[in-house]
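Novice: Mind looking at a prediction? Sequence and model below.
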Amino acid sequence: MATPRATIPLKYQPRRYYCTDTVNSDCQKGFISAAGLNHHYNAVHKHHTTRPSHPQQHPWQPTGQHDGSGDDNIEPQGAYFVKHPVLDGTPVDLNGDDLPEGASPPKPNTSSKRAWHPFESRAHFELADFIFHQNEMPGAQIDELMHIWASMPGQAGTPPYANHEHLYSTIDAISEGDAPRTSFSMESVEAGGSGGPSWKHNGTYEVVFCDPQILLNHQLSNPGFKNHIDYSPRLVFGEKGQRVWSDLMTGNWAWNQCNELSKDPDNHGAMFVPIILGSDKTRVSVATGNNEYYPLYISAGNVHNGMRHAHGEAVSLLGFLSIPKTDKEFEADPEFRTFWRHLFHTSLEAIFHSMRPAMMKPQYVKCADGHYCRAIYGLGPYIADYPEQALLACILLMDSFASHVLWQKYGIVDDILPFTASFPRANIHELIAPDILHQIIKGTFKDHLVSWVETYLKKHYKNDFAAVLADIDRCIAVVPPFPGLRRFSQGRGFKQWTGNDSKALMKVYLPAIAGYVPNEMLQALSAFMDFCYIVHQSSLGEADLEALDKALQCFETHRSIFEAEGIHSDGISIPQIHALQHYHEAIELFGAPNGLSTSIVESKHIHAVKRPYRRSNKNEEMAQVLLVNQWQDKLARFQAECLAEGLLDKPLIPQDNVHEDTSFQDDPYLQEAEDDDSERVDAVVQLAHKPSPRKLRTLAEMGQDIGHPELPDLVSIFLFQQRNPGVDVPDISKCPKAIDPGYSFSSAVATFHAPSDLSGANGMHRQCIHASPSWRNGAPRYDCVFVEKDPTLPGFQGLYVAQWFTPIGNEPCNNTGMWKVEHEYDEYGDHLVSVIHLDSILRPAHLIGIYGDEYIPPDLHYSDSLAAFGSFYVNKYSDYHAFGLAF
């Protein structure tokens, strides 16, 4: 008789290792052990054939130490991530019970709902979105449009919408995205009195806002974010086992918050939702100068940084804070400033008071993938510039100092509790986000480094200072054009700087001052630029952080030149520059800083505040601005729902009813550089949709036009090399001949993955490449391009630059950090000319002349810059993608 087998209790084993294959980003299969991940990687991903990628700028050298997170002591292969083992965002059913892994989300009840409700049809929705969201047409113009529409033949006097009120009510009837607004008012303790400062008795201060939890839930359930959201913190590891930080949920802060929450068994299996806040005052009317508003924005930290940059729906306008006003003589009054701080923190506390229970116990929410889960909220990073950071962090309780000592000696106010003190697990001193725009780009570069350089020039050149400064301006003005590069036609001498102006000047500044300032000053600026460009990456690994520390150390060493030259002889102790020391830690806590920059908030001002304000009747305008934002969010959410249901898969007009035009078409709205919402692919270059000119021509005719009559022979050589790679070219008569005639094109578009630049949701970016004898009816434009040379070599060593240039030396310039190149010539002393395959082009390249010792002629045009100089810098600072390619 067989002995019964002992019963072994089964224990649930969560999936701890998740695939993050760089080729197939949608593959996020989970495995219990590292061995399972390795088997999957070898079977599915290892043998993918892809275009070879260049070595990384900051390669990681493994230490051989395992992180110890696995129980099988096997080092995982390939990139992977580990979810938080307790707060993992487990889906639940409508009764709150956990669903088994792989279960489908519940189907929405749409039996009683028309497909396009509340719109009559898809065309009605498309028209409403075009008029209200895209075109932002005022109400009076909508009425006029409907009147014209009704008068057209065949309309029978019935337009799609009776008037603007009919359109607005239809949009308002959209059930998704509804977020009712409310308000409250506060008074100073002396309101209604007389005498003394006006702020003490000027009445009430109103705060208008929407329910923050409703706005967050709209973001979490947006189906457009389905593949761009984290339901659990992740520890991400690269292909060699190094930690990688990108989105907020990959940082240590979110992981540590979940560790704290996991102490309560009721939170197990819940989804942690960090609340990202941002505020920044803005003016909506320059003419009057008095229309200043204080918008407050909110974003769910689970949404990926790329969506926060690319989609307005990932950042919502929460409301408007109140701005106390007083007479100029009292603006610096400590009592008024204390009142402002009280007003600010009390307002934030009141806005989020209703969310306190949701920060203590999980709430049921719908997610972007259609599932439901239990969510517990928590205050997260706060996006603010330096003055507002000081406003936020005004408290530090210290028993050993009197109040007047704290204020006078340390600048600390001790009688105000920050709003975070009223909420669990929140400390404002740990939640202030790094600010690339105001700390690095404007704060350090524009406000200090550029100013210090100018002070040095004035001190060193004395009587020639004006001439030197004018020459530097001409150097900046003659820089060759480049996609997305702002043109400084008059140099850098303009009065009002914006963040975009500062970014643009950074890209061209080093070559302009080279030769006028000491080498050590150039090295300080180059190291700072490296620091800035590393910080701005959308994803940073341990090797990137090591390079960041090295760049900062180099900057701190070489910036002593400003002290030695007497520019800043009393030492450099500036808050914005000091903040650079904290970026390493901030990245480990919150992920890539570009996902928390004030540039996100400032760009949101335009669409969320300034344009809606102009559409209002200026009566109780804050409520109207919030309403416009709500309607825009409703239209965007309705579109996302329709996309998820497949209702927008087909064109509005069936293809059978569209006459196909076989002639070449072009997109007249294509910008020089713009984001691209296509799926992630390898870098690709495509010709324009129409030739120039639009007629067939022989190669001989094309060669005559471009000044190279040998073009037919060059094409024959190219064809031979394509058929016989590695074989010496024989006599030209033995090379194949191209069949005439053909088309020539004056432009192409390069599309490549550049998530750190202006890009779509999948990180794709595109730039135009021009080869035109007359660009925009003006001077000729012939852009340079990077061409594939050897993908196994690092950086610029594996690239060519065409028009053809050859490197000067075997390493970048020690002072600027950029490679130097010069024109390449053939055996006859002419500029090298050849025909290459379109697929060998990677993307545009930007060169800036090495200006030499002579002043730039005032009449030199930027279109002649590539011919006017004998040698050039390869501008790795032209954009963030080039920085990681041409190092």
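Specialist: Okay, I see it.

Novice: Residue ranges in the stretch 401-550 of the chain under the pLDDT threshold?
Specialist: Of all residues in the stretch 401-550 of the chain, those with pLDDT under 70 make up the ranges 401-415, 492-497.

Novice: where do the strands sit along it?
Specialist: 540-541 (DSSP state E, counting those that start in this stretch).

Novice: Just the buried residues of the longest helix along the chain, please?
Specialist: Ordering each helix of the chain by length in residues (DSSP state H) puts helix 621-644 first. Buried residues in helix 621-644, counted by 16 or more other C-beta atoms under 10 Å: 621-626, 628-642, 644. From N, CA and C alone the C-beta is placed, and that goes for glycine too.

Novice: Remind me what that helix packs against, helices and strands.
Specialist: Taking 3 or more C-beta pairs under 8 Å, 6 or more residues apart in numbering; DSSP states H and E as contact, the helices and strands that helix 621-644 lies on are helix 122-128, helix 164-172, strand 181-187, strand 204-210, strand 316-321, helix 611-615.

Novice: Highest mean neighbour count out of these?
Specialist: Counting by mean count of other C-beta atoms under 10 Å, strand 316-321 has the highest mean neighbour count of those, with a mean of 25.

Novice: angle of that strand against helix 621-644?
Specialist: For strand 316-321 against helix 621-644, the angle by axes from the mean of the first three to the mean of the last three C-alpha atoms, to 10 degrees is 170 degrees.

Novice: Could you name the helices and strands sitting against strand 316-321?
Specialist: Applying 3+ C-beta pairs under 8 Å, 6+ apart, we find strand 316-321 packed against strand 204-210, helix 212-220, strand 292-300, helix 334-351, helix 621-644.

Novice: Now do stretch 253-261: distance to the chain's middle.
Specialist: Centroid separation between stretch 253-261 and its chain, computed with C-alpha atoms, centre = their mean, to the nearest Å, is 26 Å.

Novice: How about residues contacting it?
Specialist: Stretch 253-261 is touched from outside by 84, 86-87, 232-233, 235, 248, 267, 270, 272, 274, 301, 376, 378, 380-381, 425, 430, 589-590, with contacts defined as C-beta atoms under 8 Å, 6 or more residues apart in numbering.

Novice: give me the element the closest residue to H568 other than its chain neighbours is part of.
Specialist: Counting by C-beta to C-beta, 6 or more residues apart in numbering, H568 lies nearest to F562, which is 4.8 Å off, once chain neighbours are set aside. Per DSSP states H and E, F562 falls inside helix 560-564.

Novice: ok, then the element right after that helix?
Specialist: helix 575-578.

Novice: For whichever helix or strand comes after that next one, buried residues please.
Specialist: Using DSSP H and E, the helix or strand that follows helix 575-578 in sequence is helix 583-590. Neighbour counts over helix 583-590 (16+ other C-beta under 10 Å) mark Y583, H584, A586, I587, E588, L589, F590 as buried.

Novice: can you redo these as a markdown table with pLDDT and distance to M702?
Specialist: Below are the buried residues of helix 583-590 laid out as a markdown table (pLDDT from 0 to 100; distance: C-beta to C-beta, whole Å):
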| residue | pLDDT | distance to M702 |
| --- | --- | --- |
| Y583 | 96 | 52 |
| H584 | 97 | 54 |
| A586 | 96 | 55 |
| I587 | 97 | 51 |
| E588 | 97 | 56 |
| L589 | 97 | 58 |
| F590 | 97 | 54 |
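
Novice: Just to check, I836 is in contact with F786?
Specialist: No. Taking contacts as C-beta atoms under 8 Å, I836 lies outside contact range of F786: 11.8 Å.

Novice: Have a look at the two and say which one is more surrounded.
Specialist: Between I836 and F786, F786 has the larger neighbour count (other C-beta atoms under 10 Å), namely 24 against 15.

Novice: Could you tell me the average pLDDT over the strand or helix carrying that one, please?
Specialist: Per DSSP H and E, F786 falls inside strand 784-788. Across strand 784-788, the average pLDDT comes to 95.

Novice: Show me what it is packed against.
Specialist: In terms of contacts (3+ C-beta pairs under 8 Å, 6+ apart), strand 784-788 is packed against strand 799-802, strand 841-845.

Novice: packing partners for the longest one?
Specialist: The reference is to strand 841-845. strand 684-687, strand 747-753, strand 764-772, strand 784-788, helix 880-883.
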